[in-house]
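> Here is my input, please return the structure:
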Amino acid sequence: MSYLRKLFTLFFLFHVFYVLAQEQAKKFDSIFYNTAVRVSAIDIVKASKIADSLYKTSKTNIHKIKSLMLSADLLEKQSKRKKAIDYVLKADSILSNTENYEWKARVYGFLSTQYRILGLLDQGKEYLEKGLKASKKIQAINVSNQYRGMVYQEKAHYALHEKNYNEAIVLLKKVSPLFSSIKNERMKLFFFGNNEEMLGRSYLNLKKYNYAKQHYKKALTYLNKANAGESQWMGMVFYGLGKIALEFNKTKESLSYLLKAKNIAENINHVFLKKLVYSDLKKYYLKEEDFDKYTFYNTKYINSVKENIKLERETSNSEFNRVVKKQKTDFLRLSKIITIISTLFICSILFYLFTKRKNRKELEKYKAIIEKLNAFNEKLEPKNSPLLMVEKTGTKCLMPKQTENRLLAELEKFEDKKEFINSNISLSSLSTKLNTNTKYLSYIINTHKKKDFNNYINELRVFHFIKMVQTNPEFLNYKISYLSEKCGFSSHSKFTTVFKNIVGLTPSTFLKKERFQSNQPNN
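Residues are numbered from 1 along each chain as shown. This is a model prediction of the structure:
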């Protein structure tokens, strides 16, 4: 009986330890998933601290590996690839003496991604093949399928990187059946959402917008169900939908999606996503001619480009040194890596300089437009005598001085009474009205107004339009077609052409500026 009691006690203790270990594993996995998907989207610094804490308190190698991979993933989102790769290599060293092919596949896949982003495509593809071999050795079919699906996704990333969008679509369509066998429902939905986003991105690059939108909408549904509404993949979905809306001039919808993508990118400090979103937001506000917000997001875009170049350069240098140590005898391979890294760095610098120059030109153009507008506003100020009689030395006069003075006075009355808004006015009709001939009137306008009859009338009408909307804000809400007719123009299109030639802005741009000014506190 004593022997049976001891055996029973040992069995009971073993069962207790087993249950505790299972509970601990479940608790770890719950914290791991919650940190990777939810916490990282809200507070990436907090998520990093949790990942470090998980590593320090890990009792098993698999938990240490998971913690290191979580930390690497969080660092990668911030484009801190050098440190991320260090964490993954540390995890790989723990795995080296094991046959845990599941996590080997994940490690190789992660390294493949990083080398692809750095432009080290050959080295990245080597790790991709290692990942595929490891995934085939995973005994659990559902887990093996999951990692094979992830390998296909990574191959699709390479196809996207090389702009082979149709190839990317073919690869991504192989993924869904492989992910269908994932047992964890939330994880399965998360992977489905990830895959749909990549399909949306592929069709977007092919300009097949309807297909792209369908896949982005599916991605929204999957990611929300996976409780991943604030993840980087959701940010990429919002960014894609924003670009599609902008393509179809749905400006309000586009802005809504882009701002959602911006919030996610900034919350998780995802450098690459921030660069994409800031680039489109600055284009959006330039298109809307909101120059203050354009300048704001242009500055953010330039800073994100600088940050990305700095981080990529640090990682490239680090990986270069690592490869040098490992490949001292492989001179040809080393030369290739040096060439790739140098080319990547030079291209990044050239891209930055080109972007900076382009943006500087845009700002200079904007300033010139504003200065020109201010100059025209000065012309609208009341004058003591808008009709100046200037005698040119050596200029032969075609009429008696008395007639010249009379016609100038008549023109002043014509302007004061705003008779130029009559759409039927012509040189002939005005000559008749002023009791003179077309030759005399044409001479007066050319000599004293420094322009021909048509430009003289058009400029009066444009100045009248500007004065009208500046003195009566109610006109800011009227249609341009109505205002142009009210100023004497025969058509909206003619008015737009004349206005832009004189002012340097379209009427709609001018009205937007005036609306903005009228809403300022000091106005």
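> Just give the number of residues close to residue 488.
21 (other C-beta atoms under 10 Å). The C-beta positions use only the backbone N, C-alpha and C, and glycine is treated the same way.
> for residue 58, same thing?
The burial count assigned to residue 58 is 16, neighbours taken as other C-beta under 10 Å.
> Now it: closest residue in space, sequence neighbours ignored.
Taking C-beta to C-beta, 6 or more residues apart in numbering, and ignoring the residues beside it in sequence, residue 58 has residue 64 as its nearest neighbour in space, at 4.4 Å.
> Report the separation between the one you found and residue 86.
Counting by C-beta to C-beta, to the nearest Å, the gap between residue 64 and residue 86 amounts to 15 Å.
> again with residue 429
With distances defined as C-beta to C-beta, the gap from residue 429 to residue 86 amounts to 85 Å.
> do the same with residue 131
Noted for residue 131: a distance of 19 Å to residue 86, by C-beta to C-beta.
> what about the two, which has more around it?
Here residue 131 and residue 86 are set side by side on neighbour count (other C-beta under 10 Å), and the busier one is residue 131, at 25 against 16.
> tell me the SS of the more buried one?
For residue 131, the assignment made with DSSP: H, G, I helix; E, B strand; the rest coil gives helix.
> Wait, it touches residue 155, no?
No: when contacts are counted by C-beta atoms under 8 Å, residue 131 is not listed as touching residue 155 (10.2 Å).
> list the buried ones in the helix or strand residue 143 falls within?
Residue 143 belongs to helix 141-161 when assigned by DSSP states H and E. Of the residues in helix 141-161, those scored as buried under the neighbour-count criterion (16 or more other C-beta atoms under 10 Å) are 143-160.
> And stretch 252-269, by the same measure?
For stretch 252-269, by 16+ other C-beta under 10 Å, it's 254, 255, 257, 258, 260, 261, 262, 264, 265, 267, 268, 269.
> What score does residue 394 have for pLDDT?
According to the prediction, residue 394 has pLDDT 40.
> what stretches of this structure score poorly on pLDDT?
Within the chain, the set of residues satisfying pLDDT under 70 comprises 1-27, 33, 37-38, 41, 119, 308-345, 347-398, 518-523.
> So which residues of it form strands?
Listed from the start of the chain, the chain has no strands (DSSP state E) to report.
> Contact partners for residue 47?
The neighbourhood of residue 47, defined by C-beta atoms under 8 Å, 6 or more residues apart in numbering, consists of 35, 36, 39, 40, 74.
> So which of these is the closest to residue 99?
Distance to residue 99 across the contacts of residue 47 (C-beta to C-beta) is lowest for residue 36, with 24.9 Å.
> was I right about residue 215 contacting residue 206?
No: Residue 215 lies out of contact with residue 206 (C-beta under 8 Å); the separation is 11.8 Å.
> Looking at these two, which one has more neighbours?
The residue with more neighbours, out of residue 215 and residue 206 and counting by other C-beta under 10 Å, is residue 215; that gives 23 against 14.
> and that one, what does it touch?
Contacts of residue 215 were listed using C-beta under 8 Å, 6+ apart, and they are 196, 197, 199, 200, 203.
> Could you check how far the last one is from residue 209?
With the distance defined as C-beta to C-beta, residue 203 ends up 8 Å from residue 209.
> Out of these two, name the residue with the larger neighbour count.
Counted by other C-beta under 10 Å, residue 203 and residue 209 do not tie: residue 203 has more neighbours, with 24 against 17.
> so the more buried one sits right up against residue 212, yeah?
Yes: taking C-beta under 8 Å as the contact criterion, residue 203 and residue 212 are neighbours in contact, 3.8 Å apart.
> residue closest to the middle of the chain?
When C-alpha atoms, centre = their mean is applied to the chain, the residue found nearest the centroid is residue 277 (2.5 Å).
> quick one: that one and residue 261 touch, right?
Yes: proximity of residue 277 to residue 261 meets the contact threshold set by C-beta under 8 Å, at 4.8 Å.
> where do the contact lists of those two overlap?
Both residue 277 and residue 261 are contacted by 235, 239, under the criterion C-beta under 8 Å, 6+ apart.
> What degree of burial does the closest residue to residue 304 other than its chain neighbours show, as a neighbour count?
Nearest non-adjacent residue to residue 304, counting by C-beta to C-beta, 6+ apart: residue 275, 4.2 Å away. By the measure other C-beta under 10 Å, the count of residues near residue 275 is 19.
> Please report how far residue 275 lies from residue 201.
Where residue 201 is concerned, residue 275 sits at a distance of 15 Å (C-beta to C-beta).
> Residue 86 too?
Computed as C-beta to C-beta, the residue 86 to residue 201 distance reads 29 Å.
> With residue 224 instead?
As judged by C-beta to C-beta, residue 224 and residue 201 stand 19 Å apart.
> repeat for residue 114
Applying C-beta to C-beta to residue 114 and residue 201 gives a distance of 19 Å.
> out of the two, which sits in the busier spot?
Neighbour comparison, residue 114 and residue 201: the larger count goes to residue 201, with 24 against 21 (by other C-beta under 10 Å).
> tell me, how many neighbours does the residue lying closest to the more buried one once chain neighbours are set aside end up with?
Spatially, and ignoring its direct neighbours in sequence, residue 201 is nearest to residue 240 (6.0 Å; C-beta to C-beta, 6+ apart). Neighbours of residue 240 under the rule other C-beta under 10 Å: 25.
> Residue 246: what's it in contact with?
Counting by C-beta under 8 Å, 6+ apart, residue 246 makes contact with 254, 258, 280, 283, 284.
> Tabulate those residues in JSON lines, adding columns for distance to residue 103.
JSON lines is the format used below for those (distance: C-beta to C-beta, whole Å):
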{"residue": "254", "distance to residue 103": "41"}
{"residue": "258", "distance to residue 103": "37"}
{"residue": "280", "distance to residue 103": "37"}
{"residue": "283", "distance to residue 103": "42"}
{"residue": "284", "distance to residue 103": "43"}
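> Residue 72 contacts residue 87, correct?
Yes: counting by C-beta under 8 Å, residue 72 does reach residue 87; the two are 4.0 Å apart.
> Which of these two has more residues huddled nearby?
Set side by side, residue 72 and residue 87 show more neighbours around residue 72, with 26 against 23, by other C-beta under 10 Å.
> who are the neighbours in contact with that one?
Contacts here follow C-beta under 8 Å, 6+ apart; on that basis residue 72 touches 84, 85, 87, 88, 91, 110.
> and what of residue 179?
For residue 179, the contacting residues are 145, 146, 149, 188, 191, 192, 195, taking C-beta under 8 Å, 6+ apart as the criterion.
> try it again with 10 Å
When contacts are counted by C-beta atoms under 10 Å, 6 or more residues apart in numbering, residue 179 touches 142, 145-146, 148-150, 152-153, 187-192, 194-195.
> separation between it and residue 213?
Computed with C-beta to C-beta, the distance linking residue 179 and residue 213 is 22 Å.
> what does residue 446 give?
Distance, residue 446 to residue 213, by C-beta to C-beta: 59 Å.
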